[in-house]
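Enquirer: coordinates for the following, if possible.
(one chain, ligands or ions: 1)
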Amino acid sequence: MVITTAPSSRTQWVRYDGRMAKPTIGVLALQGDFAEHIEMLRQLGVPAVEVRLPSQLALIDALIIPGGESTTITRLLDIYELREPIRRLGQQGLPIWGTCAGAIVLAKEATDLDRPNLALMDISVRRNAFGRQVDSFEEDLRVAGIDGPPFHAVFIRAPAIEHAGAAVHVLATLEDGTIVAAQEGSLLATSFHPELTGDSRFHALLVELAETYHRERSVSPK
Ligand code: GLN
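Expert: Numbers count the residues shown, from 1 in each chain. Alright, predicted model coming up:
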C-alpha cells in the first residue's frame, strides 16, 4: 500500500498497485453521514458498499458505523435485523470502526440509550459529553500510529470515552486527558468525524485492518 500526501493539501490517500488484495469496506447506511464515508473510500480507490441488509454483510471485509443519532441507529439495527449478525461478525474479527454515534453503537456501555447496542468494544462512552454550549468544536490531535501532521478533528455533539478496558489501546486524547480515539484489536472508535475533513488517514488505517481480515478469510473461509 502506498500512502501519499497531496502537495497542496493535507488530503492523503492510498493507491493500489494491482498486486494487493482489495478489501471491500461496508458502510452501515441506515441513518447518518454514510455518504461522506463512501466518498472518502472511493477517493482512496477502495471498493465501498452501503450496507442495509444482513445478506450484504457476507461481502465485506470491514464495516464503518457512521455518525448520526445513536438512538435512531440502534432502533434501525433491530428493525433491519442487523444487530445480532454484526455482533457475531465483530466477535469473529470483522474490523468495525464507529465514528461519533457509531462509537456509541459499538461500545460495551453507553449512557442514555433506550435499547441494546452492539456492545462489542470494551469502552464506556458518555453521549453528548461536551455540553450544549460547546456542541461542536475542532481540535488538532496527535494520534498514536498515524504519522505526519496532527489530525484535525471535528466534534459534533460528540461522546467522550470515559473508560477503556485493559485490552484497549488509547489512540488520542484531548488536552484534559479525555479519550477520543481508541482501538481494541480490529475495533476502532473515534468521538470525532474523520469523514468530514478530507484527511483519509483513519480510513487508511481501517483499510489495513480490512486487508488482513480479507487475506485471512481467503485462506480459511468462514
Ligand atoms: N449526539 C449523537 C448521539 O448521541 C452523536 C452525534 C454525532 O454522531 N455527530 O448519538
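
Enquirer: all contacts plus neighbour counts: C-alpha atoms, from now on.
Expert: OK.

Enquirer: leaving out sequence neighbours, find the closest residue to Glu84.
Expert: Leu118 (7.8 Å; CA to CA, 6 or more residues apart in numbering).

Enquirer: for Glu109, what are its contacts?
Expert: Counting by CA atoms under 8 Å, 6 or more residues apart in numbering, Glu109 makes contact with 119, 122-125.

Enquirer: now with 6 Å, please.
Expert: Ser124 (CA atoms under 6 Å, 6 or more residues apart in numbering).

Enquirer: for the helix or strand where it lies, the averaged confidence score.
Expert: Using DSSP states H and E, the element containing Glu109 is strand 107-110. If you average the pLDDT over strand 107-110, you get 98.

Enquirer: quick check: buried residues in the strand or helix carrying Thr212?
Expert: Per DSSP H and E, Thr212 falls inside helix 201-219. By neighbour count on 16 or more other CA atoms under 10 Å, the buried set for helix 201-219 is 201-204, 206-215.

Enquirer: specify the beta-bridge partners of Thr173.
Expert: On the basis of DSSP bridges, Thr173 is bridged to Ile179.

Enquirer: distance of it from the ligand?
Expert: 18 Å (CA to the nearest ligand atom, to the nearest Å).

Enquirer: and what of Ala181?
Expert: 14 Å.

Enquirer: give me the three-state assignment for that residue.
Expert: strand (DSSP: H, G, I helix; E, B strand; the rest coil).

Enquirer: quick one: the helix or strand where Leu41 lies to helix 201-219, angle?
Expert: Using DSSP H and E, the element containing Leu41 is helix 34-44. Interaxial angle, helix 34-44 versus helix 201-219 (axes from the mean of the first three to the mean of the last three CA atoms, to 10 degrees): 80 degrees.

Enquirer: tell me which helix or strand comes right after helix 34-44.
Expert: That would be, after helix 34-44 and using DSSP H and E, strand 48-51.

Enquirer: tell me the strands beside that next one, with direction?
Expert: strand 25-28 (parallel).

Enquirer: from the centroid of the protein, which residue is nearest?
Expert: Trp97 (2.4 Å; CA atoms, centre = their mean).
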